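Q: next comes the sequence, and after it the predicted model I'd like to discuss.
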Amino acid sequence: MDTMTIENRADFAQWAIERARAIVVDQGGNLALAARDMDDGKIAESGNALGQAIVDALIEVFDALLDTDETQED
């Protein structure tokens, strides 16, 4: 994913939309296929992968915010 500078709410909203779209493209298809096939094991696995991708995205932006705060304190 490309690096983006977030300077205001609109920038953050745009980042969130683009990141959500990428997560759905990467992970959502697997979950849909598992549901279609009614494979409980794959549904659980795909659901967990989707959840982890969401957590990773949130941590990514949180870490960037912490880096920004530390830079401003120096």
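A: Noted; the coordinates are in hand.
Q: sketch out the low-pLDDT regions of the chain for me.
A: Low-confidence segments of the chain (pLDDT under 70): 1-2, 68-74.
Q: please, where are all the helices along it?
A: 9-23, 29-36, 40-73 (DSSP state H).
Q: T3: which of those helices is closest?
A: helix 40-73 (9.2 Å; Cβ to Cβ). Every residue, glycine included, has its C-beta placed from N, CA and C.
Q: any buried residues in that closest one, and which?
A: Within helix 40-73, the residues scored as buried using 16 or more other Cβ atoms under 10 Å are 43, 46, 50, 53, 57.
Q: angle of it against helix 29-36?
A: Here helix 40-73 points in a direction 150 degrees away from that of helix 29-36 (axes from the mean of the first three to the mean of the last three Cα atoms, to 10 degrees).
Q: what angle separates helix 40-73 from helix 9-23?
A: With the same axes, to 10 degrees defining the directions, helix 40-73 sits at 150 degrees from helix 9-23.
Q: who are the packing partners of helix 40-73?
A: helix 9-23, helix 29-36 (3 or more Cβ pairs under 8 Å, 6 or more residues apart in numbering; DSSP states H and E).
Q: again, 6 Å this time
A: Using 3 or more Cβ pairs under 6 Å, 6 or more residues apart in numbering; DSSP states H and E, the elements in contact with helix 40-73 are helix 29-36.
Q: got the buried residues for the helix it packs on?
A: Residues 30-31, 34 are the ones in helix 29-36 that count as buried (16+ other Cβ under 10 Å).
Q: next: stretch 10-21.
A: 15, 19.
Q: how far off centre is it?
A: 10 Å (Cα atoms, centre = their mean, to the nearest Å).
Q: i'd like the first residue to be 40 from this point on
A: Sounds good: first residue 40 from here, last item stretch 49-60.
Q: picking up where we left off before, now the buried residues of helix 68-75 in TSV, with distance to E46?
A: Below are the buried residues of helix 68-75 laid out as TSV (distance: Cβ to Cβ, whole Å):
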residue	distance to E46
N69	34
L70	34
A73	39
